[in-house]
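Chemist: Pasting the sequence and the predicted model now:
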Amino acid sequence: MQWRRTAAETGHAGACDQLAGRMYGDEPYAREVGHVEEAAGVATPAGFMEGHDVPPGILISVVHWLRKGGHHPVDELDVLYREALEGGMYCVNDGCQVKGLLKDFKVCPQCKTARYCGDACQ
């Protein structure tokens, strides 16, 4: 995640996109590594933060990285929001077909990066 942040700081569009998406999705360490203090002054349109299940400070940092990557933040946030609502298969256990929201998958207490759908898969 730290390497992704370093690449994003240089303006690498792919790294900016990945960091913003992983921060939005609350992947392990992404929010700590991607948070930017200077983003506090980022102007956001009215009603911009409504409906997102992301803390406002994190959402502002996500906007910062999307802009740095050359994207229109409102459009990209709509995409991230729709993906979050649809859910996905986040369990790292091979063969697991459980689909759900990222926040419903528990982070491994040992490595703190892998996610599992439940005790059986872990």
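Modeler: Great, that's in hand. Residues are numbered from 1 along each chain as shown.

Chemist: Give me the neighbour count for the residue lying closest to Val54 once chain neighbours are set aside.
Modeler: Leaving aside its sequence neighbours, Val54 sits nearest to Tyr24 (CB to CB, 6 or more residues apart in numbering; 5.9 Å). From N, CA and C alone the C-beta is placed, and that goes for glycine too. If you count neighbours by other CB atoms under 10 Å, Tyr24 ends up with 28.

Chemist: ditto for Glu27
Modeler: Neighbourhood size, Glu27 [other CB under 10 Å]: 20.

Chemist: On the three-state scheme, it is what?
Modeler: Under DSSP: H, G, I helix; E, B strand; the rest coil, the three-state class of Glu27 is coil.

Chemist: OK, contacts around it?
Modeler: Listed by CB atoms under 8 Å, 6 or more residues apart in numbering, the contact set of Glu27 reads Met1, Leu102.

Chemist: Show me which residues of the helix or strand bottoming out on mean pLDDT in the chain are buried.
Modeler: When the helices and strands of the chain are compared on mean pLDDT, DSSP states H and E, helix 73-86 comes out lowest with a mean of 83. Neighbour-count burial for helix 73-86 flags Pro73, Glu76, Leu77, Leu80, Ala84 (criterion: 16 or more other CB atoms under 10 Å).

Chemist: Then stretch 11-26?
Modeler: By 16+ other CB under 10 Å, the buried positions in stretch 11-26 come out as 12, 15-26.

Chemist: can you list the buried residues of helix 73-86 in TSV and add distance to Asp119?
Modeler: Shown next, in TSV, are these (distance: CB to CB, whole Å):
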residue	distance to Asp119
Pro73	38
Glu76	35
Leu77	34
Leu80	29
Ala84	24
